[in-house]
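Chemist: take this sequence and fold it.
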Amino acid sequence: MAKGRPEPPSGFTRRLDAAVRGGFPAVSTAALLVMAAVPVGMPGLIAAAALPGVFFWTIFRPGSMPPPVVFALGLLQDLLSFAPLGVGVLTLLLVHGLALRWRDVLVKRSFLAVWLVFCGFAAGAAGLAWGLTAVLNWQSPPVMPGLLQLGLAVGLYPALAWAMSRIHRIMRRVEGAA
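Modeler: Below you'll find the predicted structure:
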């Protein structure tokens, strides 16, 4: 029996593996949203959990984070946070679109550079969500939940990006071996 590269899995197993790897970014981001919905008294935690996942996976695995998936994640965010429908959808779709535009630049940059760009995106997303909520509710919402959302998103990104980048590297290694 010769040692060397293992034989690739069969057709069904290979397709199942590819489907799981392709769906992981969306499913993990949705699971993070559901976990953030646990009542802990922190307004903005759900939106702060959605933003890093959409931003990171759009840059590093854009095929796994297409616009319909981002739309579904935004809708889930709106439903879980009891926000006016469409606020999370529009915010995440705009972040997704801008991240796709900047992808070629960001994918080659250091973590610090990507994090600083994410901070700008998070500030814009918090401001947009606040503005859309004000327009849709016909009254000015309090500013503090938006600032808390911004702080949480900026603070959560390093830990989430660390975990997501390790998973991304493992997926790339598995794809390279297949």
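
Chemist: would you mark the buried spots in the helix or strand where Val27 lies?
Modeler: Using DSSP states H and E, Val27 sits within helix 11-36. Across helix 11-36, burial judged by 16 or more other Cβ atoms under 10 Å covers 17, 21, 24-26, 28-30, 32-33, 36. Any C-beta I mention is one placed from the backbone N, CA and C, and that applies to glycine too.

Chemist: name the next helix or strand following it along the chain.
Modeler: helix 45-60.

Chemist: which elements pack onto that following helix?
Modeler: The helices and strands touching helix 45-60, judged by 3 or more Cβ pairs under 8 Å, 6 or more residues apart in numbering; DSSP states H and E, are helix 11-36, helix 67-81, helix 87-106, helix 111-137, helix 144-177.

Chemist: quick one on the thing from earlier: which among the buried residues of helix 11-36 gets closest to Gln77?
Modeler: Leu33 (5.9 Å; Cβ to Cβ).

Chemist: got the contact list for that closest one?
Modeler: 46, 49-50, 73, 76-77, 80 (Cβ atoms under 8 Å, 6 or more residues apart in numbering).

Chemist: hmm, 10 Å instead?
Modeler: Applying Cβ atoms under 10 Å, 6 or more residues apart in numbering to Leu33 gives the contacts 45-47, 49-50, 53, 73-74, 76-77, 79-81, 88.
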